[in-house]
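# Whatever this is, show me its structure:
(one chain, ligands or ions: 1)
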Amino acid sequence: MSVASGIPDFRSSNGLYATLEATKLTATPEQIERIQSDPSYSLDQHLFMENPLPCLEVNREFILGVRERRWKATLAHRFVECLRTKVKNKEGEGKLVRLYTQNIDGLEDQCEGIGHERRIAVHGSMDEAECATCGARMDFDLFCGMVKSQIKDITGRDPSAPAHSTPIVCESCGAATVKPSIVLFRSRLPEVFFENVPNDVKDIDLLLILGTSLAVAPANSLVMRIPRSSMRVLMNREPVGWHLGLDYDSNDRDYFAQGNCENLALDFMESLGWLEDLKPLLDQGEFPESSATLLREHLERLKKQKLEGQAQKQFQSEIQPQDQPQASTLELKGQEQNNFQSEIQPQDQPQASILELNGQAQNQFQSEIQPQDQPQASTLENRS
Ligand SMILES: [Zn+2]
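Below you'll find the model as predicted:
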């Protein structure tokens, strides 16, 4: 979901692990050797309790970048936000029960419509800080100030960084073990996952699964915990989750929309008539560059198609003689219908993944996320 934001990931060929120069870390020769053979050891719980500095040094740029909002929420994040703000139940409450994310970048929190309490960061989040010894939270701004002034920059990009690192001490227990609230390797997952899942899954009718391999437990267990009557829609590059019982060929509850999260989110939001809502965010520069370009292209094409449709209709009504026989009126109606269809169905659209769902699935999906008791018109009214 966050790839389009340009945020550095850990495991790609130019990610944090691949580019990590272990010898620059403040660590013993044994620790450095171990990190060289396995870079993920820099985020190991046992190492952190022994020596917290490698973890803080590896994550320094990431932590400060999150603080500065260097990376922006993507179209996929905004799609989830719309699921909360635009799909309401009878009481006017957003229908989105919860966003469970395995991402640690905290980008969901830029989407105020989702609401912080509705996001569960299963692997923790880089936009909060806590003590690994006593669990006390530290104010994130305070933590970032300390990271900036106490932790050296192993990338060499920040001239204001200190030459040597000193650990960040907990205000509550005095241990030098304050860290971003991410789940380190060989440590427990946040309780918040186990506390909320049983209640969250009870009554849901649709599980949307975005951009994941579904390989990592326990987040992947959600696909098995929901009621048997619930639909499961995977939006992903490849069909995954067969080992968990997802079956896009024979289960009529499982659907696969193929593509990257950005294009898929755009297609779904276009089909649901939500794209115009994103205009203010686009104008305020709230999207990463690639998402903004994609959205701008989509909006411009929609506008062009609308104008062309209007011009054609006007032209046709001007040349249409008043006293023409019934038959040609019928012809025109056919033409108008085509215009209308091309307006709502862009011809040159990239292989829209929603189109890969068959008609029935698409209708079912739309009726799932479109409030049953609300006529289409009021959705459109809400937009303006
Ligand atoms: Zn503490």
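
# quick one: L25 from the ion, how far?
L25 sits 23 Å away from the ion, going by Cβ to the ion, to the nearest Å. Every residue, glycine included, has its C-beta placed from N, CA and C.

# Surely that residue and S42 touch.
Yes - counting by Cβ atoms under 8 Å, S42 is a contact partner of L25 at 7.1 Å.

# And D9, what's its pLDDT?
As predicted, D9 sits at a pLDDT of 76.

# That one contacts Y17, doesn't it?
No - look at D9 against Y17 with Cβ under 8 Å: they stay out of range, at 9.2 Å.

# on that earlier part again, overlap in contacts of L25 and S42?
Common contacts of L25 and S42 (Cβ atoms under 8 Å, 6 or more residues apart in numbering): 35, 54, 58.

# ok, and the most crowded of those residues?
Using other Cβ atoms under 10 Å as the neighbour test, those are led by P54, with 26 neighbours.

# Tell me which helix or strand it sits in.
helix 53-67 (DSSP states H and E).

# Could you give me the buried positions within that helix?
Buried residues in helix 53-67, counting neighbours by 16 or more other Cβ atoms under 10 Å, are found at 53-67.

# Give the other helices and strands that it contacts.
helix 45-50, strand 124-131, helix 140-150, strand 178-182 (3 or more Cβ pairs under 8 Å, 6 or more residues apart in numbering; DSSP states H and E).

# Quick check: pLDDT value at I354.
pLDDT, I354: 42.

# and if you look at L207?
Predicted confidence (pLDDT) for L207: 97.

# was I right about it contacting M235?
No - using Cβ under 8 Å as the test, L207 is too far from M235 to be in contact (11.3 Å).

# Between the two, point out the one with more neighbours.
Per other Cβ under 10 Å, whichever of L207 and M235 has more neighbours is M235, with 26 against 20.

# related to what we said a few turns ago, make CSV out of the helices and strands packed on helix 53-67 and add mean pLDDT.
Shown next, in CSV, are these (pLDDT from 0 to 100):
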stretch, mean pLDDT
helix 45-50, 97
strand 124-131, 95
helix 140-150, 98
strand 178-182, 96
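
# quick one, which of these is packed in tightest?
Among the helices and strands packed on helix 53-67, the stretch with the highest mean neighbour count (mean count of other Cβ atoms under 10 Å) is strand 178-182, at a mean of 25.

# next helix or strand past it?
Assigned by DSSP H and E, the successor of strand 178-182 is helix 191-201.

# residues making contact with that next one?
Counting by Cβ under 8 Å, 6+ apart, 97-98, 100, 120, 122, 218-219, 222, 225-227 sit against helix 191-201.

# Of those residues, keep whichever come out buried.
97-98, 100, 120, 122, 219, 222, 226.

# now those in CSV, with pLDDT, distance to the ion and secondary structure?
As requested, these are arranged in CSV below (pLDDT from 0 to 100; distance: Cβ to the ion, whole Å; DSSP: H, G, I helix; E, B strand; the rest coil):
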residue, pLDDT, distance to the ion, secondary structure
V97, 95, 33, coil
R98, 96, 29, coil
Y100, 97, 27, strand
I120, 95, 23, strand
V122, 95, 23, coil
A219, 93, 27, helix
L222, 96, 32, helix
I226, 96, 37, coil
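
# got the phi/psi numbers for the closest residue to A219 other than its chain neighbours?
In space, and not counting its chain neighbours, A219 is closest to V122: 4.6 Å by Cβ to Cβ, 6 or more residues apart in numbering. The phi and psi values for V122, taken as degrees, to the nearest 10, are phi -60, psi -30.

# Check L208 too.
Torsion angles, degrees, to the nearest 10, at L208: phi -100, psi 130.

# Run through the bridge partners of it.
L208 has the following beta-bridge partners by DSSP bridges: V233.

# still on that earlier bit, please go through the buried residues of helix 53-67 and note which also touch the ion.
Residues of these in contact with the ion (Cβ under 5 Å from the ion): none.

# And the strands in the stretch 201-350 of the chain?
206-210, 231-236, 254-258 (DSSP state E, counting those that start in this stretch).

# any idea how far C82 is from L275?
As judged by Cβ to Cβ, to the nearest Å, C82 and L275 stand 10 Å apart.

# what do those two both touch?
Both C82 and L275 are in contact with M269, where contact means Cβ under 8 Å, 6+ apart.

# pLDDT value on S12, please?
Confidence at S12, expressed as pLDDT, is 75.

# Report the contact partners of it.
Here S12 is in contact with A18 (Cβ under 8 Å, 6+ apart).

# just checking, A129 touches D141?
No - counting by Cβ under 8 Å, A129 does not reach D141; the two are 9.5 Å apart.

# Need the overlap of contacts for these two.
Between them, A129 and D141 share no contacting residue, judged by Cβ under 8 Å, 6+ apart.

# where in the stretch 201-350 of the chain is pLDDT low?
Applying pLDDT under 70 to the stretch 201-350 of the chain flags the ranges 320-350.

# So C82 and L275 - more neighbours on which side?
C82 (24 against 19).

# Not counting sequence-adjacent ones, nearest residue to that one?
Closest to C82 by Cβ to Cβ, 6+ apart is W274, at 5.0 Å.
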